[in-house]
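Q: For reference, the sequence and a predicted model appear below.
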Amino acid sequence: MQGADEPAEVQREPFHLTANLFAVAFGLAGLAQAWSAVTQLAGASGWPGDLLWIVAAVTWLVTLAAYLANVAAQRRWKSELSDPTFGPFTALIVIMPMLLGVRLADEARGAGEAVFGCSVVLVILVGAWMTGDWIADNGDIRYWHPGYYLPTAAGGLIAGGASAALGFTTLSRVLFGLGITSFVVLTPIISLRLYVVPGLPPPLLPTIAIDLAPSVVAGSSWFDINGGRVDTPAAILAGLSVLMLLIQLRLIPLYRQASFGPGFWAFLFPFAAAVTYGVRWLAVEHVHDGAALGYVLVGILTAGFALLAARTVIGLIQGTFLPRLPAADQTLG
């Protein structure tokens, strides 16, 4: 009878919601961007992207409410930002409204700019605080992973492109500079961790996909800043992006070692950003039948999202998707 009671006891364990859950909404925003880019290239109706932006916003709000309630219930307020494994993902809480604000500005300029402006300030403050934490706490490099790009490198690069899209030319270059500088500073540390230090634990393996994001996001943002011209920075970023994408192909066997969980949503935004960047190049180079090729790329991306969503629903039904163990048990093993 004891064996029969054990599953019930496991089910009574409280959920431990970690900040990497925000990768779901972040990935949906990336998918929305990809659809918006390809429909713009094709001169077609933008309703798929509009619908996805709404889904992304709702997902972010639901995730935020559940996450904050979980943090409050477990009294984790003081440890979330400084958590060596999941802390960097908390930056997505303030990065998401920045993306949503740009889209909102298309419908209500004043409201969109207000949301965007508040989010940019928070992105900078959160990034600065976390960077100070990493310096002050003398952390263990074994906890590092490409998610550490999110607070400053990703935040700055996304903010730079978003500012340009809203017409804030000088601000866009300032924020792009913040993102590029952070990318350059963080890359040697993260590369050392991935190349030399013993491998990441299986639950964190999908975060390696985030390695692809800085170069492709920087490329798209630079097109927004320079008016969609192919200049030297654009060419350099394209070369780096191709390399980072090819590296991801080699890592497929490594990713297969990880069991499915929230970490797998780390794949969606980087690859969505790569597809968006590819569509931008199709537009810039005026490729023949570029719209058709763009739809193929976005279709493949959408199929990947559908697979992720289906696996997530199955995991939620079976009770295996959301973690119940303390986060510390999922880090260094």
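A: Looks like it arrived, so ask away.

Q: Measure how far the helix or strand encompassing residue 315 is from the centre of its chain, please.
A: Per DSSP states H and E, residue 315 falls inside helix 290-318. In terms of C-alpha atoms, centre = their mean, to the nearest Å, the gap separating the centre of helix 290-318 from the centre of its chain is 16 Å.

Q: Show me what it is packed up against.
A: helix 23-42, helix 268-284 (3 or more C-beta pairs under 8 Å, 6 or more residues apart in numbering; DSSP states H and E). C-beta coordinates here come from the backbone N, C-alpha and C atoms, glycine included.

Q: mind giving me TSV with the ones you listed and columns for distance to residue 70 and mean pLDDT?
A: Shown next, in TSV, are these (distance: least, C-beta to C-beta, whole Å; pLDDT from 0 to 100):
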stretch	distance to residue 70	mean pLDDT
helix 23-42	15	97
helix 268-284	22	97
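
Q: Which parts of the chain are helices?
A: 2-11, 23-42, 47-73, 92-105, 109-136, 155-165, 169-195, 213-226, 232-250, 252-255, 268-284, 290-318 (DSSP state H).

Q: Figure out which of the ones you listed is closest to residue 145.
A: Judged by C-beta to C-beta, the one of the helices of the chain that comes nearest to residue 145 is helix 169-195, at 7.1 Å.

Q: and the closest one, what does it pack onto?
A: With 3+ C-beta pairs under 8 Å, 6+ apart as the test, helix 169-195 has helix 109-136, helix 155-165, helix 213-226 packed against it.

Q: of all these, which lies closest to residue 179?
A: Taking the helices and strands packed on helix 169-195 one by one with C-beta to C-beta, helix 155-165 is closest: 2.7 Å.

Q: what's the angle from the closest one to helix 268-284?
A: 40 degrees (axes from the mean of the first three to the mean of the last three C-alpha atoms, to 10 degrees).

Q: Could I get the helices of the chain in JSON lines, plus columns for mean neighbour count and distance to residue 202?
A: Formatted as JSON lines, those follow (neighbours: other C-beta atoms under 10 Å; distance: least, C-beta to C-beta, whole Å):
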{"stretch": "helix 2-11", "mean neighbour count": "8", "distance to residue 202": "20"}
{"stretch": "helix 23-42", "mean neighbour count": "25", "distance to residue 202": "17"}
{"stretch": "helix 47-73", "mean neighbour count": "16", "distance to residue 202": "23"}
{"stretch": "helix 92-105", "mean neighbour count": "23", "distance to residue 202": "22"}
{"stretch": "helix 109-136", "mean neighbour count": "16", "distance to residue 202": "24"}
{"stretch": "helix 155-165", "mean neighbour count": "26", "distance to residue 202": "27"}
{"stretch": "helix 169-195", "mean neighbour count": "16", "distance to residue 202": "15"}
{"stretch": "helix 213-226", "mean neighbour count": "25", "distance to residue 202": "21"}
{"stretch": "helix 232-250", "mean neighbour count": "14", "distance to residue 202": "17"}
{"stretch": "helix 252-255", "mean neighbour count": "11", "distance to residue 202": "10"}
{"stretch": "helix 268-284", "mean neighbour count": "24", "distance to residue 202": "19"}
{"stretch": "helix 290-318", "mean neighbour count": "15", "distance to residue 202": "16"}
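
Q: possible to save those as CSV with distance to residue 144?
A: As requested, the helices of the chain are arranged in CSV below (distance: least, C-beta to C-beta, whole Å):
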stretch, distance to residue 144
helix 2-11, 31
helix 23-42, 17
helix 47-73, 23
helix 92-105, 18
helix 109-136, 9
helix 155-165, 17
helix 169-195, 4
helix 213-226, 15
helix 232-250, 18
helix 252-255, 17
helix 268-284, 17
helix 290-318, 25
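
Q: Quick one, which of the ones you listed gets closest to residue 148.
A: helix 169-195 (6.1 Å).

Q: just the angle between that closest one and helix 109-136, please?
A: Counting by the same axes, to 10 degrees, helix 169-195 points 40 degrees away from the direction of helix 109-136.

Q: Now helix 169-195: average pLDDT?
A: Averaged across helix 169-195, the pLDDT comes to 96.

Q: Equivalent analysis for stretch 88-102, please.
A: So the average pLDDT for stretch 88-102 ends up being 97.

Q: now swap in stretch 127-137 and tell me
A: Mean predicted confidence for stretch 127-137 is 93.

Q: quick thing: my sequence starts at 9, can you match it?
A: Fine by me, first position is 9 from now on; the one you just mentioned is stretch 135-145.

Q: which other residues reach that stretch?
A: 89, 90, 95, 96, 99, 156, 159, 160, 163, 164, 190 (C-beta atoms under 8 Å, 6 or more residues apart in numbering).

Q: make it 6 Å
A: Taking C-beta atoms under 6 Å, 6 or more residues apart in numbering as the criterion, the residues outside stretch 135-145 that touch it are 90, 159, 160, 163.
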